[in-house]
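>>> after the sequence you'll find the predicted model.
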Amino acid sequence: MPKHMLHISLFFLLLTASTGVWMRLYTVSNSVHIIPYDHLLHGHSHAAILGWTFLAMLIIFFKLSWDELDNMQQEAKLLILSTGILTFIMFIAFLVEGYALYSIILSTVHILIEYWAIIFILRFLKKKPSIPFASRLFMKGAFLTLFISSLGPWSLGVIASQQLQKSDLFDMAIYFYLHFQYNGWLTLMLIGMFIYALSKKGIQIQKNIVIYSFWTYTISLFPGYFLSILWYDFGKIGIILGMIGAFGQLISVMLLCYTFFKNKITIQFHFSNRNHSLLKIVFILFFCKSILELFLLYSPLANLIYETRNLVIGYLHLVLLGFITLFIFALYQMETLIDDTKLFVNVGILIFLIGFGINEIILFLSGLSQLILDKPILFQNHLLTIASGLLTFGILFIWCSLFTRQKKIVSTTNKNP
Ligand code: HEM
């Protein structure tokens, strides 16, 4: 698979991180206030979700199936290139004009590219019955939820045309999009590809448990949306639906974690120790995220949490930067897209993990301090800026590893036959 695809995805991750640092600097220095903050925020979240994570999903899938894509390879390259170019122009549009005409047109075109990607992969899956059933199931669930998530941005256009940008409905449409993106599309696709990657090494997971987990997860995903909008008073029905969603997802996540830990010796045998440790962190974060969601069921607490910006941002990044991005790194390692025998990769991931840890601790502590004591914690803006800087350095190291030659640092790291 052409290496430039990987460069494009890491470029967007670096862009995401740099805009993150830039936003953090807004709180410590006036000299960086060059464009309105909300333009930067839109640029950041769109580069992250439509650039980094979307491209990473395609790249991992293409890497897993490159040799079998045959005459579809050209189209795959075109898909990556069009997404890269479009998302970069969209990013610039967001920086220049914020959420306005051109950025809206470009993000609408991105949705059409998403439909193209869905059709492309489904066409391929139809031709290749050899891909494990459980993996196909998760991927098909991912496409369904990617499609459903796209209804969010379409409805934003309708809501905005009614001059309702400041209404609860507008916020609900944004949360609808985010929920089906990260709990649906990204999570299901990553698990589907993880099972695919394991099967390519001959690792057979407990099929029945995984299929049961898929149905529990996917069905509870729909009532689970209510967890994101419990700040709006839906009465008892909202709480009951949220409860079904939270417990359904928790059960299925526990089943997936059980399957992972049950197969850990085989996974450890086929992949490196570092790769396995990273996967362990990913599954622990997956479990923690599902536990945290239970707190939202208590609606007075849910209201306070939604009003505390740092708690919302802390949770979002626990999922998107922790669980999702680390899962992508782990799959990049499993598919040798990044080489974990290289010093740059290991140092990069270590710095990234430290940055991520500091970021989460400060965001949650400052959120709690704001909630309970009604005041921020000492140096929180400086510490958050340092954490963002570390995350950026970590990503730079990982990217730089693509330009360095292979160098083994521990003899046990590659046990592949
Ligand atoms: C790589 C390091 C990253 C840094 C340093 C960072 C930093 C930030 C900062 C400073 C904010 C604004 C916080 C505020 O206004 O209170 C933010 C918001 C956000 N970030 Fe990140 N972020 C990073 C990665 C990511 C990733 C990987 C994703 C998604 C895949 C992501 C998605 C978001 C979203 C959705 C928001 C909220 C946008 C909104 O409220 O409209 N971030 N991030």
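Yep, that arrived. Residues are numbered from 1 along each chain as shown.
>>> which strands or helices does the lowest-mean-pLDDT helix or strand in the chain pack on?
None of the helices or strands of the chain scores lower by mean pLDDT, DSSP states H and E than helix 299-307, at a mean of 81. Applying 3 or more CB pairs under 8 Å, 6 or more residues apart in numbering; DSSP states H and E, one finds that helix 299-307 contacts helix 273-295, helix 309-317. C-beta here means a position set from N, CA and C on the backbone, and glycine is covered the same way.
>>> reformat these as JSON lines; add mean neighbour count.
Formatted as JSON lines, those follow (neighbours: other CB atoms under 10 Å):
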{"stretch": "helix 273-295", "mean neighbour count": "18"}
{"stretch": "helix 309-317", "mean neighbour count": "18"}
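>>> for the protein, what lies in contact range of the ligand?
16-17, 20-21, 23-24, 41, 44-45, 48-49, 52-53, 309, 313, 316-317, 320-321, 325, 388, 391 (CB under 6 Å from any ligand atom).
>>> out of those, which are buried?
The neighbour count (16 or more other CB atoms under 10 Å) marks 16-17, 20-21, 23-24, 41, 44-45, 48-49, 52-53, 317, 320-321, 325, 388, 391 as buried among these.
>>> tell me the confidence at K415?
Looking at K415, its pLDDT is 45.
>>> so L25 makes contact with I34?
No - when contacts are counted by CB atoms under 8 Å, L25 is not listed as touching I34 (10.5 Å).
>>> okay, these two: which has more neighbours?
L25 (17 against 10; other CB atoms under 10 Å).
>>> contacts only, for the more buried one.
With contacts defined as CB atoms under 8 Å, 6 or more residues apart in numbering, the neighbours of L25 are 32, 385.
>>> before we move on, what about S130?
Counting by CB under 8 Å, 6+ apart, S130 has no contacts.
>>> could you measure from it over to the ligand?
Using CB to the nearest ligand atom, to the nearest Å, S130 is found at 31 Å from the ligand.
>>> go on, I244?
In this view, I244 and the ligand are 26 Å apart by CB to the nearest ligand atom.
>>> now mean pLDDT and distance to F120 too, for the helices and strands packed on helix 299-307, in TSV please.
Shown next, in TSV, are these (pLDDT from 0 to 100; distance: least, CB to CB, whole Å):
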stretch	mean pLDDT	distance to F120
helix 273-295	95	27
helix 309-317	95	29
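>>> columns distance to L10 on top of those helices, output as a markdown table?
Converted to a markdown table, these look like this (distance: least, CB to CB, whole Å):
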| stretch | distance to L10 |
| --- | --- |
| helix 273-295 | 17 |
| helix 309-317 | 18 |
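>>> so where's the chain uncertain?
Scanning the chain with the threshold set as pLDDT under 70 gives 406-417.
>>> most proximal residue of it with respect to the ligand?
G20 (2.4 Å; CB to the nearest ligand atom).
>>> how about the CA coordinates for the helix or strand harbouring that residue, as PDB?
Using DSSP states H and E, G20 sits within helix 4-25. Output of helix 4-25 as PDB, limited to C-alpha atoms (Å, rounded to 0.1, in the frame of the first residue of the first chain):
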ATOM      1  CA  HIS A   4       1.800   8.600   1.200                       C
ATOM      2  CA  MET A   5      -1.600   7.500   2.500                       C
ATOM      3  CA  LEU A   6      -0.100   7.100   5.900                       C
ATOM      4  CA  HIS A   7       1.600  10.500   5.700                       C
ATOM      5  CA  ILE A   8      -1.800  12.100   4.900                       C
ATOM      6  CA  SER A   9      -3.500  10.600   8.000                       C
ATOM      7  CA  LEU A  10      -0.700  11.500  10.300                       C
ATOM      8  CA  PHE A  11      -0.600  15.000   8.800                       C
ATOM      9  CA  PHE A  12      -4.200  15.500   9.900                       C
ATOM     10  CA  LEU A  13      -3.500  14.200  13.400                       C
ATOM     11  CA  LEU A  14      -0.600  16.700  13.700                       C
ATOM     12  CA  LEU A  15      -2.900  19.500  12.400                       C
ATOM     13  CA  THR A  16      -5.500  18.500  15.100                       C
ATOM     14  CA  ALA A  17      -2.800  18.500  17.800                       C
ATOM     15  CA  SER A  18      -1.300  21.800  16.600                       C
ATOM     16  CA  THR A  19      -4.700  23.600  16.600                       C
ATOM     17  CA  GLY A  20      -5.300  22.000  20.100                       C
ATOM     18  CA  VAL A  21      -2.000  23.700  21.300                       C
ATOM     19  CA  TRP A  22      -3.100  26.900  19.600                       C
ATOM     20  CA  MET A  23      -6.400  26.900  21.400                       C
ATOM     21  CA  ARG A  24      -4.700  26.200  24.800                       C
ATOM     22  CA  LEU A  25      -2.300  29.100  24.100                       C
END
